[in-house]
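Peer 1: Predicted model, plus sequence, below.
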Number of protein chains: 2
Amino acid sequence: MSLVVVGSIAFDAVKTPFGERERMLGGSAVHFSLAASFFCDVRVVGPVGDDFGPGEYAVLEGRGVNTDDIERVEDGKTFFWRGHYEYDLNTAHTDETQLNVFGEFAPKLSEESKAAENLFLANIQPDLQREVREQCRGARLAGLDSMNLWIDIARDSLVKTIGGVDLVFLNDAEIRMLTDQPNLVRAAREVMAMGPSVVVAKQGEYGAALFTEDGYFALPAFPLETVSDPTGAGDSFAGGFLGYLASQDGWQDEASLRRAMTYGSVIASFNVEEFGTERVARLTREEIDERFEGFRRMTALEAAPA
Amino acid sequence: MSLVVVGSIAFDAVKTPFGERERMLGGSAVHFSLAASFFCDVRVVGPVGDDFGPGEYAVLEGRGVNTDDIERVEDGKTFFWRGHYEYDLNTAHTDETQLNVFGEFAPKLSEESKAAENLFLANIQPDLQREVREQCRGARLAGLDSMNLWIDIARDSLVKTIGGVDLVFLNDAEIRMLTDQPNLVRAAREVMAMGPSVVVAKQGEYGAALFTEDGYFALPAFPLETVSDPTGAGDSFAGGFLGYLASQDGWQDEASLRRAMTYGSVIASFNVEEFGTERVARLTREEIDERFEGFRRMTALEAAPA
């Protein structure tokens, strides 16, 4: 089955205590689609400028991502983000944002993208997310990511958009903020009451928690000794998660959702070990499966002997 | 096997968004020993004043905790702590501390306590912890807890004390602070290099992580809709953890350590549902075993189908 993602395609300048890059491929739709590409056919939708060259296309196409719906604006410049991280790598500090072609973005899906069975609305303005959702009515599974900015300035629109998807990814702080409910279990339930049947609370270095109507699952992050650049971790997580579900007939099955959590965490863990897309671009399915088993080992809990 | 704990015995005044208590039984040694009492024989060592009455002894003795080594100071007053929590319950704010008899505490273990096979040094000044450790040389298993204050003002002494125990419980922020190493995996390894073979990183609402020489295990916290008072959660966790290990012959066995993590998390999760010792004082073994199975269900991860 195919999976279409709509979101940002960017050049990022990133500085962390472990190095820096002045201009590298980034953006939510890029990190998502590379991660998802290990599991299903992926189509990426988003705007770029004419500075987006063969080298950038090659990273996506090298992972089999379909780039036909990348909208290339002649005389335009690609979205640019500059940020840095302090020593603890937990918070991204934005130093510069140039929306460029992204400022005028009005997503138009091709017939092929409209026909995709699975849809991911990466973190863009919630009205735009809803427009895309309406163009892709037939999707059996739609998910979205968002952020504190939209909760702040476009909450009503975001709630409406959430009402039209099956699955929501948010940081735990954002789930609390959206619902004004400090208890995460209750807050997640309130988000489900808006429409989605699945809520995933991303918890950064602590992992992620999965809320469904009757279920709860929590997975710690993979313990890494080297974290170089957290940029794109959340989108890589969502990409591994939805990419895996897109490959499964019964995506609502609890065991499938738990494996999706794990594949998402696996790809995110590789993503942060190097800068930008560097590590995921050369990742192999064998490495993924090996780390999946690592997660199984590090969470295995035997019953107490009788 | 028996387990002796040395630490504070206190009266606490606590206010949270969900209620308040003006004077209730508390202290690290109290929370620890109640939690451990479900698994093994426990002896509690610590000072109280003559305001510590039959009602307080009854809570401990009601759980079978041996109180013979509680040092009762006539004309003295029991340690008193007053604190409050904000809406998110993550941080305890201290409003008042009266050391009282605790200020003069020079721990003296009875022959029975010196002979205990298992020892827990709750969070007290590290020189005192070391004096206790020296009185209880024969213990096959010794653990300690500490806090940012001692890392700040008595780091060298704390490192020396850590060198004499098998198992360290600290918050993840404290592990980073102690080692000046932001990466938790490396930081935990540096603590192990000081002597202990096991390091447990407490992560509050996110659960806890277990580091051993070859192993890693992480367990999320139990998802609770009602958290009334987090006071004593860490000591309840350590009590359930060490109490379970004290009941096991091969405490270094990885499966035993993982179950210890889980029993600790189970007791801590009950502890925070009500104020002070209220919930744990009437907890049953059946409730513990049921929640243990709840942890097994919520962390179970099946292999991917071939």
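Peer 2: Okay, I see it.
Peer 1: burial measure for residue A:76, as a count.
Peer 2: 19 (other Cβ atoms under 10 Å in any protein chain shown). C-betas here are computed from N, CA, C, even on glycine.
Peer 1: Over to residue A:299?
Peer 2: Using other Cβ under 10 Å, residue A:299 has 21 other residues around it.
Peer 1: pretty sure it is touching residue B:299, no?
Peer 2: Yes - the pair residue A:299 / residue B:299 is scored as a contact, 5.3 Å apart, by Cβ atoms under 8 Å.
Peer 1: which residues are common contacts for these two?
Peer 2: A:219, B:219 (Cβ atoms under 8 Å, 6 or more residues apart in numbering or on different chains).
Peer 1: And the helices in chain A?
Peer 2: For chain A, the helices defined by DSSP state H cover A:28-36, A:54-62, A:111-114, A:126-135, A:148-153, A:155-162, A:172-179, A:184-193, A:233-246, A:254-271, A:278-281, A:285-299.
Peer 1: Please work out which of those is packed deepest.
Peer 2: Among the helices of chain A, ranked by average contacts under mean count of other Cβ atoms under 10 Å in any protein chain shown, first place goes to helix A:28-36 (a mean of 31).
Peer 1: got the contact list for the spatially most central residue of chain A?
Peer 2: Per Cα atoms, centre = their mean, the C-alpha nearest to the average position across chain A is that of residue A:235, at 2.4 Å. Applying Cβ under 8 Å, 6+ apart to residue A:235 gives the contacts A:7, A:28-32, A:35, A:122, A:145.
Peer 1: Could you let me know which of those ends up closest to chain B?
Peer 2: When the contacts of residue A:235 are ranked by distance to chain B (Cβ to the nearest Cβ), residue A:35 comes first, at 16.3 Å.
Peer 1: The closest one contacts residue A:265, doesn't it?
Peer 2: No - the criterion here is Cβ under 8 Å, and residue A:35 misses it with residue A:265 at 10.9 Å.
Peer 1: about what we covered before: can you list the helices of chain A in TSV and add mean pLDDT?
Peer 2: Shown next, in TSV, are those (pLDDT from 0 to 100):
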stretch	mean pLDDT
helix A:28-36	98
helix A:54-62	97
helix A:111-114	96
helix A:126-135	97
helix A:148-153	96
helix A:155-162	98
helix A:172-179	96
helix A:184-193	97
helix A:233-246	98
helix A:254-271	97
helix A:278-281	98
helix A:285-299	97
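Peer 1: Can you lay out the ones you listed as TSV showing distance to residue B:59?
Peer 2: Output for those, formatted as TSV (distance: least, Cβ to Cβ, whole Å):
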stretch	distance to residue B:59
helix A:28-36	52
helix A:54-62	64
helix A:111-114	65
helix A:126-135	53
helix A:148-153	44
helix A:155-162	47
helix A:172-179	35
helix A:184-193	29
helix A:233-246	45
helix A:254-271	40
helix A:278-281	54
helix A:285-299	36
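Peer 1: Next to chain B in this structure, residues from chain A, please.
Peer 2: A:87-89, A:182-186, A:203, A:205-207, A:209, A:216-220, A:223-227, A:255, A:258-259, A:262, A:289, A:292-293, A:295-296, A:298-304 (Cβ under 8 Å from any Cβ of the partner chain).
Peer 1: how does it look with 7 Å?
Peer 2: A:87-88, A:182-183, A:185-186, A:203, A:206, A:209, A:216-218, A:220, A:223-225, A:227, A:255, A:258-259, A:262, A:292, A:295-296, A:298-299, A:301-304 (Cβ under 7 Å from any Cβ of the partner chain).
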